[in-house]
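**Student:** Predicted model, plus sequence, below.
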Amino acid sequence: MSTNSCIFCNILREKRDNIVLSNKHCFAMFDGYPVSKGHILIIPKRHVSSFFQLELDEVVDAYLLLQEAKKLLDKKFKPAGYNIGVNIGSAAGQTVWHVHIHLIPRYKGDVENPTGGIRNIFPDKGDYTKIL
Ligand code: 5GP
Ligand code: ZN
């Protein structure tokens, strides 16, 4: 079920052209406010807010689109690495209440010290070798 007030449901309904990939249960589009060049969102078509509400076939289709999106980004932007992340709940930073997976291409030197990757959601906790 889609909702009229949901930005992602509206983008899917209107088939806007920043949708770059799709399969039975999911679609992928470039993030409107990218944190890095090529930042893509993988979005299940069904309107649910949490990753944990997804059915297995939706998770499988999301995974398949992650793989396709990586191929697309490898070809187009040649990133040096990736982060994959899902924000679940406002405490975790979620702002759009329609589940989505961030695929974030990473480039050499894009931050001063990338050690720890997603651990850096807590400032200064990324590089655990410095905490020990
Ligand atoms: P969240 O904070 O919920 O994990 O991520 C929401 C994401 O949706 C953000 O990265 C934000 O840039 C992206 N976003 C918000 N509104 C739009 C929009 O209208 N179009 C696109 N393409 N991305 C959006
Ligand atoms: Zn929605």
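**Tutor:** Arrived safely. Numbers count the residues shown, from 1 in each chain. Ligands and ions are numbered 1, 2, ... in the order given.
**Student:** which residues of the chain fall in helices?
**Tutor:** 7-13, 56-77 (DSSP state H).
**Student:** buried set for the first one?
**Tutor:** For helix 7-13, burial by neighbour count (16 or more other CB atoms under 10 Å) applies to 8-9, 11-12. (Glycine included, C-beta is placed from N, CA and C.)
**Student:** And stretch 38-52, by the same measure?
**Tutor:** Across stretch 38-52, burial judged by 16+ other CB under 10 Å covers 38-47, 51.
**Student:** so what's whichever residue of the chain sits closest to ligand 1 closest to, chain neighbours aside?
**Tutor:** Nearest to ligand 1 in the chain, going by CB to the nearest ligand atom, is G32, at a distance of 2.9 Å. Leaving aside its chain neighbours, G32 sits nearest to N18 (7.5 Å; criterion: CB to CB, 6 or more residues apart in numbering).
**Student:** surely the one you found meets F30?
**Tutor:** Yes: between N18 and F30 there is a contact at 5.0 Å, judged by CB atoms under 8 Å.
**Student:** More neighbours: which of the two?
**Tutor:** F30 (15 against 12; other CB atoms under 10 Å).
**Student:** follow-up on the earlier one: quick check: the farthest pair among the buried residues of helix 7-13?
**Tutor:** C9 and I11 (7.4 Å; CB to CB).
**Student:** Geometric centre of this protein: which residue is closest?
**Tutor:** Central residue of the chain (CA atoms, centre = their mean): H102, 1.1 Å from the mean position.
**Student:** before we move on, back to that, now flag whichever of the buried residues of stretch 38-52 is closest to ligand 2.
**Tutor:** H47 (3.5 Å; CB to the ion).
**Student:** can I assume that closest one is in contact with H100?
**Tutor:** No: checked against CB under 8 Å, the pair H47 and H100 is beyond contact range at 11.3 Å.
**Student:** Spit out the residues that contact those two alike.
**Tutor:** Common contacts of H47 and H100, defined by CB atoms under 8 Å, 6 or more residues apart in numbering, comprise F8.
**Student:** just to revisit the earlier point, from the buried residues of stretch 38-52, which are also near ligand 1?
**Tutor:** By CB under 6 Å from any ligand atom, no member of those lies near ligand 1.
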